[in-house]
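**Student:** The following block contains a protein sequence and its predicted model.
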Amino acid sequence: MAVWQENLKRLLNQKEVLILHGNIRDTAYIPADGQPIPGLSDLIRKIGRELEFDQVVFWGVYFDKDQKGMAPMWSLERIELLNPDPASEPKSRSTGAQERDLTVLHRWLKEDIRDLDKKTIFVINYIDKMTPYSPRGIYPKDTALLITLVQKLIENIPGNNRLILVALQDTMIPLEYYTNSPKVAVMEIPMPKRDERAIYFSQNLSAQGVSRDKIDLLANITDGLYMRDMENILKDVLVAKETNPDLSYSALKRIVNRYRIGWEDDPWARLPLEGPPKGLIDSAEAWFKERVIGQDHAVFEVVKAIKKARAGVVGLASGQETKPKATFFAGPTGVGKTFLAKKLAEYLFDTEEAFVRFDMSEFKEEHTISKLIGSPPGYVGYEKGGELTNALKTRPFSVVLFDEIEKSHPRIMDIFLQILDDGRLTDSRGQTVFFTESVIIFTSNIGTRTTNSHGRPVPEKTRLSRLEAITDPLERKKQIRKHFVDAVRNFFVYEISRPELLNRIGSHIIAFGYLDGPDVQKSLIRSKLDDIALNFRDKFSHLGYSLDYDEQVADYFYRKHEESIARLGGRGLVNAIDDEIGHLLANQMLFVEKYGIEKANFFLTINQKGKLVCAQMK
């Protein structure tokens with residue numbers, strides 16, 4: 001048996017009442033011999049025989065085919081466990097009765113559970129549907145009576161009998177069943193573990209000539225899947241092997257992704273290795289540097305991580321192939337982190353729409369965790385799910401940015417830990433979302449703070465301002481980068497005491513450089529002017545409008561905003577340029593509209609008085 005099955009057997013031998021929840025509806029469970037047990041009912045019967053119980057009585061809902069409309073009916077199924085011929089066990093409902101829930105519970109309480117002649121396991125399926133949990137503790141009269149009867153069953157069941165309550169989630173059943181109750185044990189039935197998956201695939205694929213390393217790959221990348229999914233994956237692998245006996249690793253991954261994320265296409269495998277415009281080996285850095293100005297170090301680190309993901313060597317040290325493709329921690333503010341993340345989404349997945357951003361300043365309170373993964377059952381918004389899990393469910397190939405992570409509530413760090421460790425997250429509705437094909441980016445202004453997360457002043461000797469006196473540009477960049485990395489490490493280790501999260505991020509702490517130096521700043525300004533001209537043409541091309549500028553405009557904005565860019569980064573620059581140019585363009589466009597001019601070519605330049613003007617070119 002698997003470890004959890006051994007635990008189930010031990011608890012059933014020790015405790016009078018078990019509450020089982022979790023993976024209760026899988027099509028099969030895998031024991032040590034690799035031969036699947038068809039379902040939970042068969043597993044309970046198997047363990048019951050081993051513990052020498054005489055019979056098991058199941059009570060649940062089935063659909064009576066003889067009734068018009070397939071009406072649901074409560075029914076009993078009594079099975080002898082110690083029958084010498086298991087094949088002859090009755091599959092039909094031996095009582096022949098269809099009894100209401102109150103009637104059955106009354107009879108069990110008065111007669112059946114006190115029957116000392118036979119050791120019996122009583123199983124109530126769908127207990128969460130019979131007596132659903134109310135977060136306010138207010139129940140209708142019939143439900144309150146049912147809860148009381150179940151509690152009486154729990155309290156009065158004798159030591160020779162057992163009661164098993166089966167629910168999808170432990171949060172969906174009343175607390176009264178297990179609170180301060182020494183007779184009761186609550187156990188979660190897990191998803192198939194790696195060793196179980198390895199046994200299953202080995203039993204079915206080794207004889208078909210599939211190599212050990214490919215079986216291990218299947219065991220690794222099917223983490224979080226049901227047994228039903230693995231049965232389908234096995235069928236697809238065997239079919240694919242008929243046409244291609246030497247199955248490649250990429251072919252196996254495509255088959256698994258079909259059931260894991262619903263996408264068989266793999267954008268990572270399509271990344272070109274060579275050639276323009278964005279060959280990973282020879283052109284990738286140039287592609288990013290053309291778009292992200294003045295951040296050569298950050299671009300180098302990002303491209304290095306992309307190469308590791310493309311080559312499939314992520315997670316070698318841990319042996320886990322379910323981690324996100326890459327993880328970064330970046331800062332400080334106003335230097336192009338978000339812009340680089342958008343361009344990374346465009347590079348990897350051909351569109352900036354594959355970029356998802358979460359402002360963590362909106363997640364300061366503990367209850368805001370529900371915005372990410374969904375509200376608990378019974379609460380407002382439960383049916384909507386979580387913003388994060390919904391986004392990854394819709395687009396599993398994404399770049400996910402968590403902005404200003406230091407402002408989020410400490411409990412949200414647990415979610416990050418699960419994402420970076422397991423590459424998956426379960427929402428409030430029990431649906432699993434996978435992050436294995438995504439890139440995770442955390443950003444922070446930790447290195448520029450004057451107060452820490454507890455509101456205390458940051459000592460002068462550890463502030464960024466002390467480095468501004470360094471005159472050598474290269475040395476200043478080096479020291480600022482070291483300052484940011486040290487500040488991030490201190491934050492995780494000493495401020496929030498979460499070194500385990502820092503360990504998951506590893507060495508991927510990227511300190512973006514400040515935008516100082518005339519060449520970098522002028523390049524940034526030209527880039528923003530090009531964006532404005534391009535966006536203007538896209539928006540007003542149907543009117544025949546276009547926009548251009550001369551080199552003097554870039555010099556004008558450089559002289560005007562040089563100090564601000566060096567100190568605050570490029571974020572304020574974008575707003576300043578957009579506001580100043582937008583005012584001039586608006587005047588010209590309204591003039592053109594007033595006089596019915598059909599086409600207009602607008603041109604930005606500097607007049608003899610040194611002012612920015614917008615003219616119309618013929």
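**Tutor:** Sure thing, it's come through.

**Student:** any idea which helix or strand carries the nearest residue to residue 234 once chain neighbours are set aside?
**Tutor:** Excluding its sequence neighbours, the residue lying closest to residue 234 (CB to CB, 6 or more residues apart in numbering) is residue 204, at 5.6 Å. Where C-beta positions appear, they are placed from N, C-alpha and C, glycine not excepted. According to DSSP states H and E, residue 204 maps onto helix 194-205.

**Student:** Mind giving me the packing neighbours of that helix?
**Tutor:** helix 212-221, helix 227-243 (3 or more CB pairs under 8 Å, 6 or more residues apart in numbering; DSSP states H and E).

**Student:** What angle do helix 194-205 and the last one make with each other?
**Tutor:** What that stands for is helix 227-243. 40 degrees (axes from the mean of the first three to the mean of the last three CA atoms, to 10 degrees).

**Student:** Tabulate the CA atom coordinates of helix 227-243 in CSV.
**Tutor:** The C-alpha trace of helix 227-243 is given here as CSV (Å, rounded to 0.1, in the frame of the first residue of the first chain):
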residue,chain,number,x,y,z
MET,A,227,-5.6,8.9,-11.6
ARG,A,228,-8.2,9.4,-14.4
ASP,A,229,-5.8,11.8,-16.1
MET,A,230,-3.0,9.4,-15.9
GLU,A,231,-5.1,6.6,-17.3
ASN,A,232,-5.8,8.9,-20.3
ILE,A,233,-2.2,9.9,-20.6
LEU,A,234,-1.1,6.2,-20.6
LYS,A,235,-3.6,5.5,-23.5
ASP,A,236,-2.3,8.5,-25.5
VAL,A,237,1.3,7.5,-24.9
LEU,A,238,0.6,3.9,-26.1
VAL,A,239,-1.2,5.3,-29.2
ALA,A,240,1.6,7.7,-30.0
LYS,A,241,4.2,4.9,-29.5
GLU,A,242,2.5,2.9,-32.3
THR,A,243,3.3,5.6,-34.8
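
**Student:** which of the residues in that helix are buried?
**Tutor:** 227, 229-234, 236-237, 240-241 (16 or more other CB atoms under 10 Å).

**Student:** where does the closest residue to residue 549 other than its chain neighbours land in three-state SS?
**Tutor:** Leaving out its chain neighbours, the residue that sits closest to residue 549 by CB to CB, 6+ apart is residue 604, at 3.9 Å. When classified by DSSP: H, G, I helix; E, B strand; the rest coil, residue 604 comes out as strand.

**Student:** Would you check how far apart residue 604 and residue 587 are?
**Tutor:** In this view, residue 604 and residue 587 are 13 Å apart by CB to CB, to the nearest Å.

**Student:** Likewise for residue 119?
**Tutor:** Taken as CB to CB, the span from residue 119 to residue 587 is 91 Å.

**Student:** need the contact list for residue 341.
**Tutor:** By CB atoms under 8 Å, 6 or more residues apart in numbering, residue 341 lies in contact with 355, 357, 399, 401, 441.

**Student:** go on, residue 434?
**Tutor:** 224, 260-261, 322, 392, 396, 423-424.

**Student:** between those residues, which is nearest residue 573?
**Tutor:** residue 392 (32.9 Å; CB to CB).

**Student:** what's the pLDDT at that closest one?
**Tutor:** According to the predicted model, the pLDDT of residue 392 comes to 94.

**Student:** wait, doesn't it sit right on residue 400?
**Tutor:** Yes - between residue 392 and residue 400 there is a contact at 7.3 Å, judged by CB atoms under 8 Å.

**Student:** ok, residues contacting stretch 545-554?
**Tutor:** Taking CB under 8 Å, 6+ apart as the rule, stretch 545-554 contacts 522, 525-526, 529, 532-533, 536-537, 585, 589, 592, 599-606, 612, 617.

**Student:** Between the two ends of it, how far is it?
**Tutor:** 22 Å (CA to CA, to the nearest Å).

**Student:** Only the buried residues of it, if you could.
**Tutor:** Applying 16+ other CB under 10 Å to stretch 545-554 flags 545-547, 549, 553-554 as buried.

**Student:** Now render those as a markdown table, adding distance to residue 494, secondary structure and pLDDT.
**Tutor:** Output for the buried residues of stretch 545-554, formatted as a markdown table (distance: CB to CB, whole Å; DSSP: H, G, I helix; E, B strand; the rest coil; pLDDT from 0 to 100):
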| residue | distance to residue 494 | secondary structure | pLDDT |
| --- | --- | --- | --- |
| 545 | 56 | strand | 92 |
| 546 | 55 | strand | 93 |
| 547 | 51 | strand | 94 |
| 549 | 49 | strand | 94 |
| 553 | 48 | helix | 93 |
| 554 | 44 | helix | 91 |
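
**Student:** related to what we said a few turns ago, compare residue 119 and residue 587 and say which one has the larger neighbour count.
**Tutor:** For residue 119 versus residue 587, neighbours defined as other CB atoms under 10 Å are more numerous around residue 119 (20 against 11).

**Student:** related to what we said a few turns ago, pull up the overlap in contacts between residue 604 and residue 587.
**Tutor:** Contact with both residue 604 and residue 587 is made by residues residue 614, according to CB under 8 Å, 6+ apart.

**Student:** Now the common contact residues for residue 392 and residue 400.
**Tutor:** In contact with both residue 392 and residue 400: 356, 435, 438, using CB under 8 Å, 6+ apart.

**Student:** between the residues you listed, which is nearest residue 59?
**Tutor:** For these, the nearest to residue 59 is residue 435 (40.2 Å; CB to CB).

**Student:** for that closest one, what are its contacts?
**Tutor:** Neighbouring residues of residue 435 by CB under 8 Å, 6+ apart: 324, 392, 396, 400, 419, 423-425.

**Student:** Arrange those residues in a markdown table, one row each, with neighbour count as further columns.
**Tutor:** Formatted as a markdown table, these follow (neighbours: other CB atoms under 10 Å):
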| residue | neighbour count |
| --- | --- |
| 324 | 21 |
| 392 | 24 |
| 396 | 19 |
| 400 | 23 |
| 419 | 24 |
| 423 | 25 |
| 424 | 19 |
| 425 | 21 |
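
**Student:** in the stretch 501-618 of the chain, which spans are strands?
**Tutor:** Under the criterion DSSP state E, counting those that start in this stretch, strands of the stretch 501-618 of the chain are mapped to 509-511, 545-549, 600-606, 612-617.

**Student:** Mean neighbour count, these: which tops it?
**Tutor:** Mean neighbours per residue, mean count of other CB atoms under 10 Å, is largest over these for strand 509-511, with a mean of 23.

**Student:** Give me the contacts around it.
**Tutor:** Residues from elsewhere that reach strand 509-511 (CB under 8 Å, 6+ apart): 297-298, 301-302, 328-332, 447, 480-485, 488-489.

**Student:** rerun at 6 Å
**Tutor:** If you take CB atoms under 6 Å, 6 or more residues apart in numbering as the criterion, strand 509-511 is touched by 298, 301, 328-330, 481, 484-485, 488.

**Student:** thinking again about what came up before, and the gap between the residue nearest to residue 549 and residue 552?
**Tutor:** Here the criterion is CB to CB. By it, residue 604 lies 9 Å from residue 552.

**Student:** on that earlier part again, now render the contacts of residue 435 as JSON lines, adding secondary structure and distance to residue 153.
**Tutor:** Conversion of these to JSON lines gives the following (DSSP: H, G, I helix; E, B strand; the rest coil; distance: CB to CB, whole Å):
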{"residue": "324", "secondary structure": "coil", "distance to residue 153": "46"}
{"residue": "392", "secondary structure": "helix", "distance to residue 153": "42"}
{"residue": "396", "secondary structure": "coil", "distance to residue 153": "45"}
{"residue": "400", "secondary structure": "strand", "distance to residue 153": "47"}
{"residue": "419", "secondary structure": "helix", "distance to residue 153": "41"}
{"residue": "423", "secondary structure": "coil", "distance to residue 153": "42"}
{"residue": "424", "secondary structure": "strand", "distance to residue 153": "37"}
{"residue": "425", "secondary structure": "strand", "distance to residue 153": "36"}
